[in-house]
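Colleague: Predicted model and sequence follow; I will ask about them next.
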Amino acid sequence: MSLPSSAQIKVCNDTKNLVGVAVGYRNQGRWITEGWWRIPSNLCESVIEGDLTSRYYYLYSEDAVTNQKWDGPILMCISSRQFKINGLQDCYARGYEKIGFFEVDTGDQTFWRVRLTDRINLNRKK
């Protein structure tokens, strides 16, 4: 297996069902949330490509069949449709939902892989 040629964060779906993934991050001091990446069973998808501009990224995912969620305590805005949202404030007033994301600490790595299984498994690859 060859190493990746560029910086990125990949999410791998190791479940039996389609999952939807949303990502949150800071860009030039502003919070941004984006979604949805639809990742079929046993496939990986890049959710952040290019230079990792932050050490921390935030993910939320849900199983399209069982409604299993991979979430956390960091509240961010999302939409039920494809979205790119600037800011974390006033989610409901702006017509969005608010949901908890989990934190991914990439350290100083340029490539990071998150595997969605029955339990969250954060694996970094050099």
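Modeller: Good, I have the coordinates.

Colleague: rest of the way, CA atoms for contacts and neighbours
Modeller: OK.

Colleague: Which pLDDT value belongs to Ser79?
Modeller: According to the prediction, Ser79 has pLDDT 96.

Colleague: Please apply the same query to the one 5 residues further on.
Modeller: The pLDDT attached to Lys84 in the predicted structure is 96.

Colleague: Mind giving me the packing neighbours of the host helix or strand of it?
Modeller: According to DSSP states H and E, Lys84 maps onto strand 83-86. Judged by 3 or more C-alpha pairs under 8 Å, 6 or more residues apart in numbering; DSSP states H and E, strand 83-86 is in contact with strand 30-39.

Colleague: just to revisit the earlier point, run through who's touching the strand holding Lys84.
Modeller: Contact with strand 83-86 is made by Arg30, Trp31, Ile32, Thr33, Glu34, Gly35, Trp36, Cys77, Ile78, as judged by C-alpha atoms under 8 Å, 6 or more residues apart in numbering.

Colleague: Could you do stretch 18-37 as well?
Modeller: If you take C-alpha under 8 Å, 6+ apart as the criterion, stretch 18-37 is touched by 13, 38-41, 45, 47, 53-54, 56-65, 76-78, 81-88, 101.
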